[in-house]
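Engineer: Provided below for reference: sequence and predicted model.
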Number of protein chains: 2
Amino acid sequence: MRISELAEQAGLSVATVKFYLREGLLPAGEPVSKTQSNYAESHLQRLRLIRALREVADLPVATIATVLLAVDDERLPLVELLGVTQTAVARLRLGSPATDAASAGDLLAELGWPVAACSPLRGSLARVLNALSEQGNPVDATSLRPWADAAWQVAEVEVGHIPLDIPRAAAAHAVATGTVLYGELLSQLRLAAQEALSHRRFGGSRLDQ
Amino acid sequence: MRISELAEQAGLSVATVKFYLREGLLPAGEPVSKTQSNYAESHLQRLRLIRALREVADLPVATIATVLLAVDDERLPLVELLGVTQTAVARLRLGSPATDAASAGDLLAELGWPVAACSPLRGSLARVLNALSEQGNPVDATSLRPWADAAWQVAEVEVGHIPLDIPRAAAAHAVATGTVLYGELLSQLRLAAQEALSHRRFGGSRLDQ
């Protein structure tokens, strides 16, 4: 298909598709003339992946490029791709001081969750725990049990669903979108559940607005 | 205390504190001379709240200003404050076409969750559902049950914990930080649980890095 049809099917403007081509997020099409290229179904799938990461998870283009490199790297085991995608989603600020991560280490040990000592997730988790603690909230495993249990439940489903018996390209695609989109789904469902429950607790005034 | 001490205790630079004063996020201190003001414990608490919203949830300054206005509005019921904060966290793009929200309406009806027809959460939830659907994932209540259950569980604890028997200012503070920080906690714990579970499923190679 031509670039105009590709853009339309992906729900993007031609200018945006050209931008992704220039930035290397989308591989070039097959040239059919000096000014035109032909694009395949794989280009459309790639654009849908980019759109999902960009619009739903609000990831910066540079971060998406990192995830896509990992998706395309045939030698990278899926579990490593999961790590790369997690790092992107967590918007980790690497290089934060080691002392920061102590609270996360304590909590993970209490929970009995094996997370690598070098994992950047420790830093991003610690940032939340330190903020909670500064606001006067307890951050031990007992107090945080409801959130830990909920997180574990969905992670079990998600990791259990990582497809191992399909071509790597499709599996990689599923890992990248799954980590990002189901994370966003959980966040949005939590807000919807809060609203639903607040009607029960405080009465239905907001329903009538 | 002086502005330098205030900044130090809040873990911010004096320039940042002055920026928040100029933007109206932080109320002015009590003037003690032509060039100096005195700041109270309430200023420090406000700065910690701003820092939590800014650094942990990565909310833009304008969004934080909206949340703080709601926190300070004594006439605003806590349930409405919860709504304002949820809207900020969901980073809602208002004015998205109504057709977008159909998938969210179907899901919420299937789940039996009362969410106002006009609630902007429907639009942000629909954005995720549409992206999942575009990637070929089912978006009915049965398929999404694990995420809905997990979201409901934590929302029950969170809404149940909204304090009603303490001064409104403190309760408002708790609602705003709770919505933002526990949401971020859940996201980070999910990623940590994914990592812990991927070691089990795929072996411990990443632990040794």
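Structural biologist: Everything's here; your move. Numbering: from 1, shown residues only, chains lettered A, B, ... in the order given.
Engineer: where do the helices sit along chain A?
Structural biologist: Using DSSP state H, the helices of chain A run over A:3-10, A:14-22, A:41-51, A:61-72, A:78-89, A:102-111, A:121-134, A:145-160, A:168-202.
Engineer: so what's A:Gly90 closest to, chain neighbours aside?
Structural biologist: Just so we're on the same page, residue A:90 is Ala rather than Gly. A:Ser124 (4.3 Å; CB to CB, 6 or more residues apart in numbering or on different chains). To be clear about C-beta, it is placed using only N, CA and C from the backbone, and glycine gets the same treatment.
Engineer: What pLDDT does the model give that neighbour?
Structural biologist: A:Ser124 is assigned 86 on the pLDDT scale.
Engineer: Quick check: the gap between the spatially most central residue of chain A and chain B.
Structural biologist: Using CA atoms, centre = their mean, the residue of chain A that lies closest to the mean C-alpha position is A:Val180, 2.4 Å off. Going from A:Val180 to chain B by CB to the nearest CB, to the nearest Å gives 9 Å.
Engineer: dump the residue contacts of that residue.
Structural biologist: A:Ala52, A:Leu53, A:Val56, A:Ala57, A:Leu59, A:Thr85, A:Ala88, A:Val89 (CB atoms under 8 Å, 6 or more residues apart in numbering or on different chains).
Engineer: And it, what's its pLDDT?
Structural biologist: 87.
Engineer: leaving aside the residues next to it on the chain, what's closest to it?
Structural biologist: A:Ala57 (4.5 Å).
Engineer: With A:Ala141 instead?
Structural biologist: Closest residue to A:Ala141 apart from its sequence neighbours, by CB to CB, 6+ apart: A:Glu110 at 3.5 Å.
Engineer: Check the burial of the closest residue to A:Leu111 other than its chain neighbours by counting its neighbours.
Structural biologist: With CB to CB, 6+ apart as the criterion, A:Leu111 has its nearest non-adjacent residue at 5.2 Å, and that residue is A:Ala141. A:Ala141 has 15 neighbouring residues, counting by other CB atoms under 10 Å in any protein chain shown.
Engineer: Repeat that for A:Tyr182.
Structural biologist: 22.
Engineer: from what I can see it touches B:Ala150, true?
Structural biologist: No: using CB atoms under 8 Å, A:Tyr182 is not in contact with B:Ala150; the gap is 10.5 Å.
Engineer: Find residues that contact each of those two.
Structural biologist: Counting by CB under 8 Å, 6+ apart, the contacts common to A:Tyr182 and B:Ala150 are A:Val154.
Engineer: just the CA coordinates of the lowest-mean-pLDDT helix or strand in chain A, formatted as PDB?
Structural biologist: Ranked by mean pLDDT, DSSP states H and E, the helix or strand of chain A with the weakest confidence is helix A:78-89, at a mean of 82. Taking Å, rounded to 0.1, in the frame of the first residue of the first chain, the C-alpha atoms of helix A:78-89 are listed here in PDB:
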ATOM      1  CA  LEU A  78      11.900 -12.500  25.700                       C
ATOM      2  CA  VAL A  79      12.600 -12.200  29.400                       C
ATOM      3  CA  GLU A  80      15.200  -9.600  28.600                       C
ATOM      4  CA  LEU A  81      12.800  -7.800  26.300                       C
ATOM      5  CA  LEU A  82      10.300  -7.800  29.200                       C
ATOM      6  CA  GLY A  83      13.000  -6.100  31.400                       C
ATOM      7  CA  VAL A  84      13.700  -3.500  28.700                       C
ATOM      8  CA  THR A  85      10.000  -2.700  28.400                       C
ATOM      9  CA  GLN A  86       9.500  -2.600  32.100                       C
ATOM     10  CA  THR A  87      12.300  -0.100  32.400                       C
ATOM     11  CA  ALA A  88      10.700   2.100  29.800                       C
ATOM     12  CA  VAL A  89       7.300   2.000  31.500                       C
END
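Engineer: Show me how far it is from its chain's centre.
Structural biologist: Relative to the centre of its chain, helix A:78-89 is centred 9 Å away, using CA atoms, centre = their mean, to the nearest Å.
Engineer: Next, see if that helix gets close to chain B.
Structural biologist: Yes: interface with chain B: helix A:78-89 contributes A:Leu78, A:Val79, A:Glu80, A:Leu82, A:Gly83, A:Gln86, A:Val89 (CB under 8 Å from any CB of the partner chain).
Engineer: counting contacts, what elements does that helix pack onto?
Structural biologist: Contacts defined by 3 or more CB pairs under 8 Å, 6 or more residues apart in numbering or on different chains; DSSP states H and E place helix A:78-89 against helix A:61-72, helix A:168-202, helix B:168-202.
Engineer: quick one: contacts of that helix?
Structural biologist: A:57, A:59, A:63-64, A:66-67, A:70-71, A:73, A:76, A:119-121, A:159, A:162, A:164, A:168, A:171-172, A:175-176, A:179-180, A:183, B:187, B:191, B:194-195, B:198, B:201-202, B:205-206.
Engineer: how much space is there between A:Gly160 and A:Pro167?
Structural biologist: Separation of A:Gly160 from A:Pro167 (CB to CB, to the nearest Å): 20 Å.
Engineer: Actually, A:Val159.
Structural biologist: 20 Å.
Engineer: which residues does A:Val159 contact?
Structural biologist: Contacts of A:Val159 by CB under 8 Å, 6+ apart are A:Leu82, B:Gln194, B:Leu197, B:Ser198, B:Arg201.
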